[in-house]
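>>> any chance you could fold what I've pasted below:
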Amino acid sequence: MLDKQKESVYCYIHRYIQSKDGFSMRTELYIQIDPLSEVALYEQIAEQLKQLILTGTLAEHTPLPSVRGLAQMLGISVITTRRAYTELEAQGYVLTVPAKGTFVSYRYRERLKELGMI
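Numbering: from 1, shown residues only. Now for the predicted structure:
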């Protein structure tokens, strides 16, 4: 579990995925959480992932780390990471496929239109 005395925790996540055209793509995520913040940990994670999606760092169909994997990397509860992913899925940014994983959703483009960003 996360030590409340720590100022912040961060992780780099490097993932290589096969693109549609057959080339390998590297996706790098940097997620930082601050246990001393008044913002809940799941909200910190969800907001950072959302920004990575909105900026195009995480493209459509990009797999996210597993709930357990991200929890382990950040040293937090699986429940916390699951709640962050659930929040993103409810907002249309990601899609979870049972036994496959969580992926950036194609619906995030619709969300960008709603927000007037495209």
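
>>> Met73 contacts Val67, doesn't it?
No - with contacts defined as CB atoms under 8 Å, Met73 does not count as touching Val67, sitting 11.2 Å away. Any C-beta I mention is one placed from the backbone N, CA and C, and that applies to glycine too.

>>> the more surrounded of the two?
The neighbour comparison of Met73 against Val67 (other CB atoms under 10 Å) goes to Val67, with 20 against 17.

>>> residues in contact with that one?
For Val67, the contact set (CB atoms under 8 Å, 6 or more residues apart in numbering) comprises 78, 81-82, 85, 102.

>>> for these, pick the one with the most neighbours.
Thr81 (26 neighbours).

>>> need the contact partners of the host helix or strand of it.
When elements are defined using DSSP states H and E, Thr81 is found to belong to helix 78-90. By CB under 8 Å, 6+ apart, the residues outside helix 78-90 that reach it are 41-43, 45-46, 49-50, 64, 67-68, 70-71, 74, 94-96, 102, 105.

>>> same question, stretch 92-109
Taking CB under 8 Å, 6+ apart as the criterion, the residues outside stretch 92-109 that touch it are 49-50, 53-54, 58-64, 66-67, 85, 88-89, 110-111, 118.

>>> any low-confidence regions in the protein?
Under the criterion of pLDDT under 70, the regions of the chain flagged as low confidence span 1-28, 108, 111-112, 117-118.

>>> go again with 50.
By pLDDT under 50, the low-scoring segments of the chain are 1-5.
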